[in-house]
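Colleague: Next one to model:
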Amino acid sequence: MKKEVLEVLKKNKNNFISGEQLSNRLGVTRTSIWKQINILKEEGYKIESISRKGYKLIEEPDILSRDDLLIELQNNKLGNDIYYFKTIDSTNNYGKKLALDGALEGTIVLSDEQTGGRGRLGRAWVSPPGTSISMSIILRPTIYPNEAAKITEITAAAVANAISRVTKLKTGIKWPNDIIINSKKVCGILTEMSAEINSINYVIVGMGINVNINEFPDEINNVATSLKKELNMEISRKELVINIVNEFEKLYYDFINTGDLSKTVEICKEKSVILGKMIKIINRNEIIIAKAIDIDENGELIIKKDDGEIINIISGEISVRGINSYI
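Modeller: Numbering: from 1, shown residues only. Sure, this is the predicted structure:
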């Protein structure tokens, strides 16, 4: 009921709609409408109430409301169902449980606080309440398991584009899964998969974005940043989530439907912070020092070793002087 009331108010924002109109449209009593209006006010929605005029939505809070996001994403393929938590250990962990229970592609898990999130190699990623985006998307792509790494790059491209669109900040991508602003990390991406030999059961792509964090612990302060710190103003997390889903949906289904990753690769190359630089790659306990020279059509990183050998890297932990990971 609350979702339906909110949807009508949003469609008539800054205009009054009477309680009678709402009750007739939704088939409930005016008392029920009044109760839902009060719940929305308690959640932070500024709604003007005037006798004989009705209700008018004036301002929406920056909260990660399940109902609000379902309304905003109702015409999308992704975001068909959303699970929202005030606090959770890991959105990826919950996403895997939902996937095992048959959740559809496009189901999103969001949390206002994440206490047990993980980055690459099992490093901790903690998201303080009310300041970050901790989000996982359940996918069931019709691709081979060895192509799943491409979804990480699709996500990186989508998040980088979305952040730039919302904030106008210049974003960089540290292949394959980190978003960088001014040489500091603002987002990490973790992709996990369940698969058979020739087919994927599900993919969970998770992301943690530092949005309105004011300060970081001393041990990561020199390598981490937030959108608020870069702009000196708060950013709407809701607007950012909507833009990420929209950007991801375009790139993801373009790849799934055509098998062509070129749009994602173009973004990753344009925003790369490692191409042309000497990097260190840690891959399966092997450490390689080489120059990053290109990203090929499959999203693989092409590097040139000191002896002149040119090889492709499918995945690995990358570091480059001045840009270091903390998860």
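
Colleague: where does this structure have low pLDDT?
Modeller: 117-127, 321-327 (pLDDT under 70).

Colleague: domains of it?
Modeller: Per automatic domain parsing, the structural domains of the chain span 2-59, 66-270, 278-320.

Colleague: Could you say which of the ones you listed is packed most deeply?
Modeller: domain 66-270 (a mean of 19; mean count of other CB atoms under 10 Å). Where C-beta positions appear, they are placed from N, C-alpha and C, glycine not excepted.

Colleague: okay, how far is it across that domain, tip to tip?
Modeller: 34 Å (CA to CA, to the nearest Å).

Colleague: Apart from its chain neighbours, what residue comes closest to T171?
Modeller: Nearest non-adjacent residue to T171, counting by CB to CB, 6 or more residues apart in numbering: A160, 4.2 Å away.

Colleague: Enumerate every residue touching the one you found.
Modeller: Contacts for A160 (CB atoms under 8 Å, 6 or more residues apart in numbering) come out as 171-173, 179, 267, 271.

Colleague: G172 and D306, how far apart?
Modeller: Noted for G172: a distance of 25 Å to D306, by CB to CB, to the nearest Å.

Colleague: swap in S315?
Modeller: 22 Å.

Colleague: Check N257 too.
Modeller: Applying CB to CB, the value for N257 to D306 is 41 Å.

Colleague: cool, K229 as well?
Modeller: With CB to CB as the criterion, K229 and D306 are 37 Å apart.

Colleague: do the same with D296
Modeller: Using CB to CB, D296 is found at 21 Å from D306.

Colleague: again, but for S262
Modeller: 31 Å.

Colleague: Now the residue lying closest to G19 once chain neighbours are set aside, what are its backbone angles?
Modeller: Closest residue to G19 apart from its sequence neighbours, by CB to CB, 6+ apart: R30 at 4.5 Å. Per-residue torsions, R30: phi -70, psi -30 (degrees, to the nearest 10).

Colleague: ok, R30 - contacts?
Modeller: Counted by CB under 8 Å, 6+ apart, R30 has contacts 19-20, 22-23.

Colleague: so which helix or strand takes in K3?
Modeller: helix 2-11 (DSSP states H and E).

Colleague: Run the chain-centre distance for that helix.
Modeller: Averaging C-alpha positions (CA atoms, centre = their mean, to the nearest Å) puts helix 2-11 25 Å from its chain's average.

Colleague: who does the next helix or strand along the chain from it touch, helix- and strand-wise?
Modeller: Tracing the chain C-terminally past helix 2-11 and defining elements by DSSP H and E, one meets helix 19-26 next. If you count contacts as 3 or more CB pairs under 8 Å, 6 or more residues apart in numbering; DSSP states H and E, helix 19-26 packs onto helix 2-11, helix 30-42, strand 54-59.

Colleague: got the contact list for the first one?
Modeller: The contact list for helix 2-11 (CB under 8 Å, 6+ apart) reads 17, 22, 25-26, 33, 36-37, 39-40, 45, 47, 55-57, 60, 67-68, 70-71.

Colleague: From T107, how far out is T191?
Modeller: From T191 to T107 the distance is 16 Å (CB to CB).

Colleague: Ok, N246 next?
Modeller: Note on N246: its distance to T107, by CB to CB, is 17 Å.

Colleague: Equivalent analysis for T167, please.
Modeller: 27 Å.

Colleague: do L251 as well
Modeller: 19 Å.

Colleague: Could you do N15 as well?
Modeller: Applying CB to CB to N15 and T107 gives a distance of 34 Å.

Colleague: same deal with R165?
Modeller: Distance from R165 to T107, counting by CB to CB: 24 Å.

Colleague: Repeat that for N212.
Modeller: Distance, N212 to T107, by CB to CB: 26 Å.

Colleague: Beta-bridge partners for the closest residue to L275 other than its chain neighbours, please?
Modeller: The shortest distance from L275 to any non-neighbouring residue, by CB to CB, 6+ apart, is to A292 (5.2 Å). Beta-bridge partners for A292, by DSSP bridges, are I303.

Colleague: What residues does A292 make contact with?
Modeller: 175, 272, 274-277, 279, 301-303, 320.

Colleague: Tell me where the stretch 151-300 of the chain has strands.
Modeller: Chain-ordered strands for the stretch 151-300 of the chain, with DSSP state E, counting those that start in this stretch as the definition, fall at 172-174, 178-181, 184-195, 200-210, 278-283, 286-295.

Colleague: which helices and strands sit right next to the shortest one?
Modeller: By that I understand strand 172-174. Strand 172-174 packs on helix 149-167, strand 178-181, going by 3+ CB pairs under 8 Å, 6+ apart.
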